[in-house]
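need coordinates for the following:
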Amino acid sequence: MKNSNPKIWKIAPGKIPPGSISEGAALLAEGGVVVYPTETFYALGAIPFMEVAVDRIFSMKGRDSSKPLPLIASRRESVLIAVSYWSDAAEKLASLFWPGPLTLVLPASPKLSPLLHAGTGKVAVRISSHPVAALLAESAGGLLVSTSANRAGEKPPCHTEEMDSNLLLSADGLIDSGELPGGLPSTIVDASASAPRLIRKGTIGWETIQRAFFEKE
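All right, here's what the predicted structure looks like:
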């Protein structure tokens, strides 16, 4: 749907104009791609059930199609739409760490395009604690692609000024909330079995996750 420069909404700390969310969600509903803030970096968002939009994100990033795209959800009910199986391990970890920077990998719903999960049959999803990300996901139907807004191999941006200019111009919208904290990305854990398995180190330490998980047994 790209025809012009991206629509930009500036957000002051603690203030989210309603139009930034509703208009951003409207762009997403038309198959658009919107840049939005998360707890750490800016992300590229699209509705995960719209294959054309998902394909655009791969193209914009120059991302290898063998690398899946993660999702954020606005609530637990939305997560259950994205997955075909909700394990006991997922239930425990979600109750301990959501909303927050813990991404769970679970069997993907057949409703999702194989393009999104690169044919792996699994999808990575979390509930974000960032108010803009959570509201945008909710307004877009509950689920949103959430991959860092950078070209493949480049550093994820904490500020819009750090973004690749061609990538930014390829987006349909930008929700600009200034400089983000950066730091480590979300921790990724496979929760499809009885015990969690670490896939990527991140904000929440693996020892913290293991200790909390097994203490709840």
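
leaving out the residues flanking it, which one is nearest to the residue nearest the centre of the chain?
Compute the mean C-alpha point of the chain, and by Cα atoms, centre = their mean the closest residue is S146, 2.2 Å away. If the residues on either side of it in the chain are set aside, S146 comes closest to I72, at 4.2 Å by Cβ to Cβ, 6 or more residues apart in numbering. Every residue, glycine included, has its C-beta placed from N, CA and C.

check the gap between that neighbour and N166 for me.
Using Cβ to Cβ, to the nearest Å, one obtains 25 Å as the distance from I72 to N166.

looking at those two, which is more packed in?
Set I72 next to N166 and count neighbours by other Cβ atoms under 10 Å: I72 wins out with 29 against 9.

can you give me the pLDDT of G119?
The confidence metric pLDDT takes the value 92 at G119.

what's the pLDDT at the residue nearest to the centre of the chain?
Predicted confidence (pLDDT) at S146: the value is 96.

isn't the residue nearest to S146 up against A140?
No. At 10.1 Å, I72 and A140 do not qualify as touching, with contact defined as Cβ atoms under 8 Å.

just how off-centre is stretch 115-131 within its chain?
Chain-centre distance of stretch 115-131: 7 Å, with Cα atoms, centre = their mean, to the nearest Å.

put the alpha carbons of it into PDB.
As requested, C-alpha coordinates have been extracted for stretch 115-131 and formatted as PDB (Å, rounded to 0.1, in the frame of the first residue of the first chain):
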ATOM      1  CA  LEU A 115       6.000 -17.400   5.900                       C
ATOM      2  CA  LEU A 116       5.800 -15.900   9.300                       C
ATOM      3  CA  HIS A 117       7.400 -18.800  11.100                       C
ATOM      4  CA  ALA A 118       9.600 -19.900   8.200                       C
ATOM      5  CA  GLY A 119       7.900 -23.200   8.000                       C
ATOM      6  CA  THR A 120       9.100 -24.300  11.500                       C
ATOM      7  CA  GLY A 121       5.600 -24.900  12.800                       C
ATOM      8  CA  LYS A 122       6.400 -22.800  15.900                       C
ATOM      9  CA  VAL A 123       5.800 -19.100  16.700                       C
ATOM     10  CA  ALA A 124       7.500 -16.800  19.100                       C
ATOM     11  CA  VAL A 125       5.200 -14.500  21.000                       C
ATOM     12  CA  ARG A 126       5.000 -12.300  24.100                       C
ATOM     13  CA  ILE A 127       2.800  -9.700  25.800                       C
ATOM     14  CA  SER A 128       4.600  -6.400  25.800                       C
ATOM     15  CA  SER A 129       4.800  -4.100  28.800                       C
ATOM     16  CA  HIS A 130       5.200  -1.000  26.600                       C
ATOM     17  CA  PRO A 131       1.900   0.900  26.600                       C
END
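
what number of residues lie near P68?
Burial of P68 is recorded as 20 neighbouring residues (other Cβ under 10 Å).

need the contact list for it.
The contact partners of P68, taken as Cβ atoms under 8 Å, 6 or more residues apart in numbering, are 116-118, 120, 122-124.

cutoff 7 Å now
P68 makes contact with 116-118, 120, 124, according to Cβ atoms under 7 Å, 6 or more residues apart in numbering.

quick one: the helices in the protein?
In the chain, helices defined by DSSP state H lie at 18-29, 51-61, 76-82, 88-97, 131-139, 165-170, 206-215, listed in chain order.

so what touches the third one?
Same thing as helix 76-82. Contact partners of helix 76-82, identified using Cβ under 7 Å, 6+ apart, comprise 71, 73, 86, 94, 108-109, 112, 123, 125, 127, 142-143.
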